[in-house]
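> heads up, no residue letters with this:
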DNA sequence: TTATTATATTTCCAGTTACTGATATGATGA
DNA sequence: TCATCATATCAGTAACTGGAAATATAATAA
């Protein structure tokens, strides 16, 4: 093996972090939260995701440390956990802005279509 | 639906970009390339991946625009396509450094173990 | 040409993921 | 308490993903 155990552990965390942003539904949620905190219901409306699906992805994002949760009465509000999360999105925006359109048609894996019905 | 078609398209590209970094093997490759260009054989040695596996992931990373390829005689050298790719890794490093260890044990999805044999 | 080395591609499959629908929990108010 | 609203969790399932092994391509050299 070429990598130490601790390095592998760090890699695993980093992969999870990026994986949090690697799904259309989760990315849509994070993008919506870029403008400020929102309750679950508002996230559902803004993204068009089903309630259970949004809740699942929010749990995922929360477990991964990308968003934080705040109970407000019977509502739950979510917000980005750190400015660097928005920083990641901004860097990605910049990269994509400079890339030619067709350059990103990666066929090695698919980005699942959202069933936002 | 809540998002326009063009927005969805941009989201899809961004999701693919992050997906490129969301796998242990691909992330290992990108990390190794952080120090400079490497040939495929060197990448195989440095990461411990099998040749075909590394080649597949390199094709994936290339399709996604994260790395660039350069033919050198009968070798092929790969390097990060943009400083912002390293920027993404750096931001992730910072985020993870500040987070408590257990905070990143997301159970919603698994990061596949690498078969680096 | 033929042999050799370096890299890429294809095929198949086990394991994982995200979605829906139903149900459960939790919080507020009557 | 009970009813209602907001959110979370729990199966079940279709689809996708990454890995290995075998094969193909490409480049150099003899």
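Right, received. Where do you want to start? Since the structure is predicted, the reported quantities are computational estimates derived from the model, not experimental observations. Numbers count the residues shown, from 1 in each chain, chains lettered A, B, ... in the order given.
> rest of the way, CA atoms for contacts and neighbours
OK.
> I figured residue A:49 hits residue A:25, correct?
Yes - taking contacts as Cα atoms under 8 Å, residue A:49 lies within contact range of residue A:25: 7.4 Å.
> so between those two, which is more surrounded?
The residue with more neighbours, out of residue A:49 and residue A:25, is residue A:25; 26 against 23, by other Cα atoms under 10 Å in any protein chain shown.
> element containing the more buried one?
Secondary structure from DSSP states H and E places residue A:25 in helix A:24-33.
> packing partners for that helix?
Judged by 3 or more Cα pairs under 8 Å, 6 or more residues apart in numbering or on different chains; DSSP states H and E, the packing partners of helix A:24-33 are helix A:40-47, helix A:51-63, strand A:75-80, helix B:5-20.
> hmm, 7 Å instead?
With contacts taken as 3 or more Cα pairs under 7 Å, 6 or more residues apart in numbering or on different chains; DSSP states H and E, helix A:24-33 sits against helix A:40-47, helix B:5-20.
> angle of the first one against helix A:51-63?
To tie it back to what came earlier, the one meant is helix A:40-47. 110 degrees (axes from the mean of the first three to the mean of the last three Cα atoms, to 10 degrees).
> between helix A:40-47 and helix A:24-33, how many degrees?
Here the directions of helix A:40-47 and helix A:24-33 differ by 110 degrees (the same axes, to 10 degrees).
> got it, and the last one?
In this structure, helix B:5-20 runs at an angle of 110 degrees to helix A:24-33, with the same axes, to 10 degrees as the basis.
> close to chain A, is helix B:5-20?
Yes - against chain A, helix B:5-20 shows contacts by Cα under 7 Å from any Cα of the partner chain at B:11-16, B:18-19.
> next one: that helix to chain centre, how far?
In terms of Cα atoms, centre = their mean, to the nearest Å, the centre of helix B:5-20 is found 16 Å from the chain centre.
> mind listing residues that contact the helix holding residue A:25?
With Cα atoms under 7 Å, 6 or more residues apart in numbering or on different chains as the test, helix A:24-33 has contacts from A:20-21, A:43, A:47, A:57, A:79-80, A:114, B:11-12, B:15.
> JSON lines for these, including distance to DNA strand C?
Conversion of the contacts of helix A:24-33 to JSON lines gives the following (distance: Cα to the nearest atom of the strand, whole Å):
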{"residue": "A:20", "distance to DNA strand C": "7"}
{"residue": "A:21", "distance to DNA strand C": "9"}
{"residue": "A:43", "distance to DNA strand C": "13"}
{"residue": "A:47", "distance to DNA strand C": "11"}
{"residue": "A:57", "distance to DNA strand C": "7"}
{"residue": "A:79", "distance to DNA strand C": "19"}
{"residue": "A:80", "distance to DNA strand C": "18"}
{"residue": "A:114", "distance to DNA strand C": "5"}
{"residue": "B:11", "distance to DNA strand C": "13"}
{"residue": "B:12", "distance to DNA strand C": "12"}
{"residue": "B:15", "distance to DNA strand C": "10"}
